[in-house]
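Undergrad: no sequence on hand, only this structure:
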């Protein structure tokens, strides 16, 4: 059994990388093409991993693998980029982090397992922190962007929960590759027919897409799905709260963004929620 602390730390790298998505999407990618950005992020990454792993799901696992690809990648990535284009990076990331509370609810409603009370309290503290951030004067209220962020959180909460529950026979590399592939394929027709063609790409555009594919998909998702294999689903989801940490730091360093005292208090509550969920589910 791998060292639990090492697994937690390596898994935590994934949401830290994903926190940079919002900066990259708004500063380096062509505007108004969220589905195209999602496809170019995950489809090439899936192909690369499958060329390396060369494994197929068993006959009875194809449907489950496809469903996980849609939940964890396809629909989630679409909502992620819609939110990234319509909301400030920190707000979009924090709204997405509500998946921790959603996973706890799934553990109870579907898994028939009541999480510890302290886990619920810690997750609720994170939601309270989210409310403070959303209501801060610096936050921009966009109903469609907020709805997209929350829908993406629910999609990935379902994906994380069922990925742990189904326990597919594939290796982490192959499972990640197939999910990236199926997620990208389900988005491809919507991006192709629903968005304008890409303009002539600049070096910054190409670099942004390459970063999202290699770091934001290949590396981050391998680490994330390896965490799902070894850790409880709510522990993995709670690490998603590190995404807004990274997004806010990057926004402060590179974009000159600031927070008022209410937002700072909410930010601190989100960080406390990470620790609280980890401690409650460490048994």
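TA: Nice, I can see it. Remember, it's a predicted structure, so these values are computed and weren't measured experimentally.

Undergrad: look up how far residue 278 lies from the nearest residue to residue 120 once chain neighbours are set aside.
TA: Nearest residue to residue 120 in three dimensions, chain neighbours excluded: residue 104, at 6.2 Å (CB to CB, 6 or more residues apart in numbering). For glycine as for every other residue, the C-beta is placed from the backbone atoms N, C-alpha and C. Note on residue 104: its distance to residue 278, by CB to CB, to the nearest Å, is 13 Å.

Undergrad: out of those two, which sits in the busier spot?
TA: residue 104 (28 against 17; other CB atoms under 10 Å).

Undergrad: now do the one helix or strand the more buried one maps to: distance to the chain's middle.
TA: For residue 104, the element it lies in under DSSP states H and E is helix 99-109. The chain centroid and the centroid of helix 99-109 are separated by 16 Å under CA atoms, centre = their mean, to the nearest Å.

Undergrad: and that helix, which residues are buried?
TA: Across helix 99-109, burial judged by 16 or more other CB atoms under 10 Å covers 99-107.

Undergrad: closest one of those residues to residue 64?
TA: Nearest to residue 64 out of those is residue 106 (CB to CB; 16.0 Å).

Undergrad: the closest one and residue 157 touch, don't they?
TA: Yes - with contact defined as CB atoms under 8 Å, residue 106 reaches residue 157; the gap is 6.3 Å.

Undergrad: quick one: contacts of whatever helix or strand residue 192 lives in?
TA: Using DSSP H and E, residue 192 sits within helix 172-194. Here helix 172-194 makes contact (CB atoms under 8 Å, 6 or more residues apart in numbering) with 33, 35-36, 38-39, 42-50, 52-57, 65-66, 68-70, 72-78, 168, 170, 217, 221-222, 225-226, 229.

Undergrad: now, of these, which are buried?
TA: 33, 35-36, 38-39, 42-46, 48-50, 53, 57, 65-66, 68-70, 72-78, 168, 170, 217, 221-222, 225-226, 229.

Undergrad: low-confidence stretches in this protein?
TA: For the chain, the stretches with pLDDT under 70 are 1-2, 88-94, 133-141, 257-259, 283.

Undergrad: would you map the strands across it?
TA: Counting by DSSP state E, one finds no strands in the chain.

Undergrad: tell me the contacts of the residue lying closest to residue 160 once chain neighbours are set aside?
TA: For residue 160, ignoring the flanking residues on the chain, the nearest one in space by CB to CB, 6+ apart is residue 233 at 4.8 Å. Applying CB under 8 Å, 6+ apart, we find residue 233 in contact with 103, 106-107, 160-161, 163-164.

Undergrad: could you do residue 273 as well?
TA: Shown in contact with residue 273 (CB under 8 Å, 6+ apart): 100, 122-123, 125-126, 129, 238, 241.

Undergrad: kindly report the same for residue 29.
TA: 37, 205, 208-209.

Undergrad: which residues in the stretch 151-283 of the chain form helices?
TA: Counting by DSSP state H, counting those that start in this stretch, the stretch 151-283 of the chain has helices at residues 172-194, 203-213, 220-230, 233-238, 242-254, 261-280.

Undergrad: that older thread, can you redo the contacts of residue 273 as a markdown table with distance to residue 256?
TA: Shown next, in a markdown table, are the contacts of residue 273 (distance: CB to CB, whole Å):
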| residue | distance to residue 256 |
| --- | --- |
| 100 | 30 |
| 122 | 32 |
| 123 | 32 |
| 125 | 29 |
| 126 | 26 |
| 129 | 23 |
| 238 | 30 |
| 241 | 24 |
